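>>> Here is my input, please return the structure:
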Amino acid sequence: MFPILNNKTRRVTRKIRQQIQQWRRLFALDANSRIIKSLILLSFVNIVFPCIEWLYGDWNNSWALKADCLRGLHDHSSMVVNLGMMRIRRWRANNRYTYGFARVEVLACFTIGVTQVYLALMEIFLPAIPRLMYPGEVGPEQMIVISVVGLLLNLINNYVYHFSDRRKEQHDVKTGVIGGDNPLITKEVIFSILVNVLGSVALVISAVQTEIFRSMTADSICSMVIALCMILSVVPMLKDTGEILIQRQPVELDDILPVCYMKVYQLSGVHNVLNAHFWTLSPNGFFVGSLILEVLNIKTINPNQLVQQVKMIFDQVDVKLLTVELNYVPVSGFQK
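All right, here's what the predicted structure looks like:
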């Protein structure tokens with residue numbers, strides 16, 4: 001009989017086992033962080049309640065409860081993405097990904113924002129228009145209780161997240177972690193929590209109008225309010241992430257770069273600055289740039305010293321990685 005496991009399958013299983021053990025060690029290390037614990041807790045809690053909302057919404061023919069359920073499930077998927085991106089963005093750079101994986105959170109935030117706009121517009125807002133024009137019978141059973149529980153749950157999520165976020169910032173300051181401020185993906189969670197609270201308040205008002213005053217249009221209006229809040233909450237994030245992905249010049253450097261150019265022109269031997277490009281690598285303020293210097297061909301100029309002086313000028317404005325190319329121009333060409 002041939003052996004079940006040959007050398008090739010043994011190597012594959014060994015690699016899989018090593019990868020699993022590596023991920024277990026990484027997540028065991030991250031388990032000490034309060035932000036990771038909070039996100040895991042919120043992920044498990046927030047996946048149960050939207051399912052209950054969907055069941056009650058289907059039972060009572062309430063589109064507002066179903067809309068809040070879709071929003072909650074989208075938030076849960078965002079939490080799962082948060083856990084993955086917080087791990088991936090710490091991976092080290094290699095020969096293929098020379099800048100590392102810091103921008104993966106920008107791509108994740110942009111994708112989450114686009115999917116949230118699609119969900120709010122196509123799955124919540126547009127289906128609510130026919131229900132607003134031709135309102136149906138909405139059952140009053142337990143709608144106020146479900147909406148109030150959802151509001152309390154969102155308030156608890158808000159408190160737990162902000163508490164763990166403050167502890168994370170204090171830990172980053174103590175350990176000296178570079179870029180310890182809130183990344184874009186953390187801001188996305190804050191925006192989603194705020195939308196949850198606003199949507200839950202609108203859901204409570206809709207439940208009161210439906211159950212007490214028997215207003216059938218309040219349910220559709222509430223679902224539209226939830227959809228609009230979801231869209232408005234991601235507009236700033238889509239703008240910021242879109243500018244980073246298309247490599248716009250950092251907004252923080254719009255007024256600072258001209259001053260830096262003037263300082264470069266004042267250096268000995270520098271005639272002109274060409275092809276200056278600056279962009280944001282990661283949302284924690286890590287800027288990257290490249291430029292070409294036209295330098296007069298004078299023997300007294302030390303090229304290494306000139307490059308270091310230029311890098312020091314831009315390092316003061318947080319351009320941590322700068323590529324400087326020197327183009328030597330004959331002096332006789334400017335004397336004519």
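>>> Least confident secondary structure element in the protein?
In the chain, no helix or strand scores lower on mean pLDDT, DSSP states H and E than helix 332-335, which sits at a mean of 54.
>>> can you pull out the helices in the stretch 151-300 of the chain?
Along the stretch 151-300 of the chain, the segments classed as helices by DSSP state H, counting those that start in this stretch run 184-211, 217-245, 257-265.
>>> of all those, which lies closest to V149?
helix 184-211 (9.3 Å; CB to CB). From N, CA and C alone the C-beta is placed, and that goes for glycine too.
>>> So which elements touch the helix or strand harbouring L83?
Assignment of secondary structure by DSSP states H and E places L83 within helix 63-88. Here helix 63-88 is seen to pack against helix 7-30, helix 34-60, helix 104-118, helix 126-133, helix 143-175, helix 184-211, helix 217-245 when contacts are counted using 3 or more CB pairs under 8 Å, 6 or more residues apart in numbering; DSSP states H and E.
>>> Tell me how many other residues crowd L203.
A total of 28 residues lie near L203 under the criterion other CB atoms under 10 Å.
>>> pLDDT at it, what is it?
Looking at L203, its pLDDT stands at 84.
>>> now G100
On the pLDDT scale, G100 is placed at 83.
>>> part of a strand, is it?
No - G100 is assigned coil when assessed by DSSP: H, G, I helix; E, B strand; the rest coil, not a strand.
>>> What residues does the closest residue to it other than its chain neighbours make contact with?
Distance criterion CB to CB, 6 or more residues apart in numbering; nearest residue to G100, sequence neighbours excluded, is A93 at 4.0 Å. Going by CB atoms under 8 Å, 6 or more residues apart in numbering, A93 touches Y99, G100, F101.
>>> From those, list the buried ones, please.
Buried subset of those (neighbour count, 16 or more other CB atoms under 10 Å): G100, F101.
>>> for the protein, what are the low-confidence residue spans?
Residue ranges of the chain with pLDDT under 70: 1-10, 12, 19, 21-43, 140-142, 157-193, 195, 285, 331-336.
>>> now do 50
1-2, 29-32, 166-182, 335-336 (pLDDT under 50).
>>> mind listing what's buried in stretch 83-99?
Buried residues in stretch 83-99, counted by 16+ other CB under 10 Å: L83, M85, M86, R87, R89.
>>> next one: stretch 227-245
The neighbour-count check on stretch 227-245 (16+ other CB under 10 Å) flags 227-231, 233-234, 237-238, 240-241, 243-244 as buried.
>>> now, which of these sits nearest T111?
If you rank the buried residues of stretch 227-245 by distance to T111 using CB to CB, T241 comes first, at 9.0 Å.
>>> Go ahead and confirm that closest one touches I112.
No - between T241 and I112 there is no contact under CB atoms under 8 Å: 9.3 Å.
>>> pretty sure L107 is in contact with L245, am I right?
Yes - contact criterion CB under 8 Å: L107 and L245 qualify, at 7.1 Å.
>>> Tell me how many other residues surround G72.
By other CB under 10 Å, the residues close to G72 number 26.
>>> isn't it right next to P50, touching?
Yes - between G72 and P50 there is a contact at 3.5 Å, judged by CB under 8 Å.
>>> about what we covered before: now the helices of the stretch 151-300 of the chain in CSV, with distance to I144?
Output for the helices of the stretch 151-300 of the chain, formatted as CSV (distance: least, CB to CB, whole Å):
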stretch, distance to I144
helix 184-211, 5
helix 217-245, 12
helix 257-265, 56
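>>> which one of those helices lies closest to R131?
Of all those, helix 217-245 sits nearest to R131, with 4.4 Å by CB to CB.
>>> which helices and strands does that closest one pack with?
If you count contacts as 3+ CB pairs under 8 Å, 6+ apart, helix 217-245 packs onto helix 63-88, helix 104-118, helix 126-133, helix 184-211, strand 270-282.
>>> Apply 7 Å and report the result again.
helix 63-88, helix 104-118, helix 126-133, helix 184-211 (3 or more CB pairs under 7 Å, 6 or more residues apart in numbering; DSSP states H and E).
>>> To R11, which of these lies closest?
Nearest of the helices and strands packed on helix 217-245 to R11, taken as CB to CB: helix 63-88 at 25.5 Å.
>>> The closest one to helix 104-118, inter-axis angle?
Using axes from the mean of the first three to the mean of the last three CA atoms, to 10 degrees, the inter-axis angle of helix 63-88 relative to helix 104-118 is 170 degrees.
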